[in-house]
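K.L.:
Below is the sequence, then the predicted model.
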Amino acid sequence: MSSADSTLACNQKKNDDVESRVRAITDLLERALAQDPESFSVSTAMAVGSYDPQQLDQAKQAVYRKVIVRAWEDGQLTPDEQETARWIAEKLELPEGEYTAIELELAKKQFASALSRAMADGVLDADDQRRLQKISDTIGMPMSTFAGVFFQAEGEKFLRGMFLEAIADNHLMSEEWASLLSSADKLGISHQEFLQAIRFQAREFVEHVIVDAKADGVISPHEEETMVWLLQQLEMPSDFCQYAVGEMARLKSRVEGSPALEVMTISRDLRDRIWRKYNGRCGACGAGNYLEMVRIIPKAMGGGDDEANIQLLCRRCVGQTHA
Ligand SMILES: [Zn+2]
C-alpha cells in the first residue's frame, strides 16, 4: 500500500467512525422520543456520556429527516402530520433554518418524482397539477415560486436526462422540450421565467456534456447537432455559445488530428460519479468552466481509468500540473 493509499484508507476510516457515532446518537434520540414523547428532551436523552456537539446536531437533523420521510411515504404530508413534525422539531431544539431546509429538501424530492411521473406520459393533467400544488402548499410557497426553486435545483438533471435520451436513441428532443415548457407553463412559470430559472443549470449542463465528450474522446454529429439546437433553445449568451461551439470544434480537430491521442475510455457511470464528486468544479481552483477529466498518473506511467486516478480540472490548472 502506498502512502497515498493509506492516507485515503485512514480518511475513509475516520468518516466511517463519525458516521457510526452519528448513527448511534440518532438511534438514542429516536428511542427516547418513542418511549416518552411528552417528556422528551435532548439534554435528558443525552445525559449519559459525552458527545461532539456537531455530531449531535447531525443526529438531530437525521431524526427529523426520518420523521418527514415517513410522513411523505403515502405521497402526501397532511396538516396534522406537519403539526406533529413541527412539535418534534421543537422537542429536538432544531433551529428553524435547519428544519425548514430539511422540509424543503424533501418536498423538492417529492416534487421531482411527481413531476417526472406526470411527464412520463407527456401531459401534465389536472390531477398532476393538484398533486404538485399540494406539495408546494406544504412549504407554504405559491406553486410558481416553488416550481422555479425546484427547476433551479433540478434543471441540469432534467436537461441532461433529455439530452442523454436524445443521443441514446437518436431521436429529436424537440417534443420533450416542448412538453417541458408546457409543463412549466402549467405550473405558472412563463417561458422566459423558466429560462431564467435554469440559466445557471443550463451552463452547467453544457459544461457537463463537453466534459463527457472530452472524457470519451468522441463527439458524434448527432451529439453536436443536439447540443447546438439546445444552445439555441436555452437562449444562452452568445459568448457562452461561442465557447461551447469552440470546445466542440477543438475536440473534433484534436480527435481527427491525433488519432494516437491518449483517449479516455471511462464509462458514463464513472464519469457521472467523478462529476458529482467534484460537484462540477475544478478540483484545484474551483472554476466551473473549461473543465476536463484528467488522469492523475498518466497512462504511460501505468495510470488507469479508475475513479481514484481521475480528477476534474479546468484547462488552466491542467496546464499547471501537466506542464
Ligand atoms: Zn482550475
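P.N.:
Cool, the structure landed.
K.L.:
The residue in the stretch 51-200 of the chain that the ion sits nearest to in helix, strand or coil?
P.N.:
At 18.6 Å from the ion, Phe200 is the closest residue in the stretch 51-200 of the chain, using CB to the ion. Placement of C-beta: from N, CA and C, glycine included. With DSSP: H, G, I helix; E, B strand; the rest coil as the basis, Phe200 sits in helix.
K.L.:
mind checking the SS state of the residue nearest to it when sequence neighbours are not counted?
P.N.:
Leaving aside its chain neighbours, Phe200 sits nearest to Gln152 (7.5 Å; criterion: CB to CB, 6 or more residues apart in numbering). Under the three-state scheme (three-state DSSP), Gln152 adopts helix.
K.L.:
Gln152 touches Glu204, doesn't it?
P.N.:
No: when contacts are counted by CB atoms under 8 Å, Gln152 is not listed as touching Glu204 (11.3 Å).
K.L.:
of those two, who's got more company?
P.N.:
Glu204 (21 against 15; other CB atoms under 10 Å).
K.L.:
just checking, the more buried one touches Lys157?
P.N.:
No: taking contacts as CB under 8 Å, Glu204 lies outside contact range of Lys157: 10.1 Å.
K.L.:
ok so, going back, what is the burial count for the residue of the stretch 51-200 of the chain closest to the ion?
P.N.:
13.
K.L.:
what does the protein put close to the ion?
P.N.:
For the chain, the residues in contact with the ion (CB under 5 Å from the ion) are 282, 284-285, 287, 314, 317.
K.L.:
Look at Asp305 and say how many residues are nearby.
P.N.:
Neighbour number of Asp305 under other CB under 10 Å is 17.
K.L.:
okay but it is in contact with Arg271, surely?
P.N.:
No: Asp305 is beyond contact range of Arg271, at 9.9 Å (criterion: CB under 8 Å).
K.L.:
quick one: contacts for the residue nearest to Phe200?
P.N.:
197-198, 200-201 (CB atoms under 8 Å, 6 or more residues apart in numbering).
K.L.:
residue ranges for the helices of the protein, please.
P.N.:
Counting by DSSP state H, the chain has helices at residues 3-35, 42-45, 53-72, 79-91, 96-120, 126-138, 143-168, 174-186, 191-197, 199-216, 221-233, 238-257, 268-277, 315-321.
K.L.:
Listing request: residues of this structure with sub-threshold pLDDT.
P.N.:
1-12, 122, 170, 172, 254-264, 321-323 (pLDDT under 70).
K.L.:
Pipe the residues of the chain next to the ion into CSV and attach neighbour count per row.
P.N.:
Shown next, in CSV, are those (neighbours: other CB atoms under 10 Å):
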residue, neighbour count
Cys282, 21
Ala284, 15
Cys285, 11
Ala287, 15
Cys314, 21
Cys317, 21
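K.L.:
Since that was my last question, I'll sign off now.
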